[in-house]
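[1] Compute the structure for the input listed below.
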Amino acid sequence: MEASQEQRRRFSAAYLRTMDPWQAAREAGLKDGLRALRDKGVEQLLEQGRADLSGQIRREDAVRRLCELAYGRANDAVRLALDRSCDPAKLDLAAVAELKTRGDGTIEVKFIDRVRALEALCELLSDNGDGALELFRALEDAGEEAL
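    Numbering: from 1, shown residues only. Presented below is the predicted three-dimensional model:
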């Protein structure tokens, strides 16, 4: 089934917000996020969205987000690991880089590298203001590497 224009629009918006093709696909009502990324219509929407975002992202936004990553709490990730009945959509999992469940019932949670976030924050704060665009590109590249 080919994606409708509305699904492409929803997928693109969700992907630019989350950089997660699987979550974006779920939000758009699609089955395969990687396939959606290869769709020419989606590629065009993403290119336009990135161009729009590059002008909207401010240095303060990057600093605020890095602070959240560097100083964020792990409470909700622990709650998710211990209480499987809780709704992950209602939890703040920004500090989680990876979550694995194993066949034996154990859960492995890998958190983002706070030291790297602090290093990026220090670099951004010491920069002359050009770092926000570079940071956005680096985050975008990191999202594409995860694919």
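[2] When you work out contacts or count neighbours from here on, use the C-alpha atoms and nothing else.
    Will do.
[3] At which residues are the strands of the protein located?
    Secondary structure of the chain (DSSP state E): strands at 96-101, 107-111.
[4] ok, residues contacting the longest one?
    Taking contacts as Cα atoms under 8 Å, 6 or more residues apart in numbering, the residues outside strand 96-101 that touch it are 74, 77, 107-112.
[5] try 6 Å
    Applying Cα atoms under 6 Å, 6 or more residues apart in numbering, the contact partners of strand 96-101 are 107-112.
[6] what's the angle between it and strand 107-111?
    With axes from the mean of the first three to the mean of the last three Cα atoms, to 10 degrees as the basis, strand 96-101 and strand 107-111 are set at 170 degrees to each other.
[7] follow-up on the earlier one: I'd like the strands of the chain written out as a markdown table, with distance to Gln5, mean pLDDT and mean neighbour count added.
    A markdown table is the format used below for the strands of the chain (distance: least, Cα to Cα, whole Å; pLDDT from 0 to 100; neighbours: other Cα atoms under 10 Å):
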| stretch | distance to Gln5 | mean pLDDT | mean neighbour count |
| --- | --- | --- | --- |
| strand 96-101 | 31 | 84 | 12 |
| strand 107-111 | 36 | 86 | 14 |
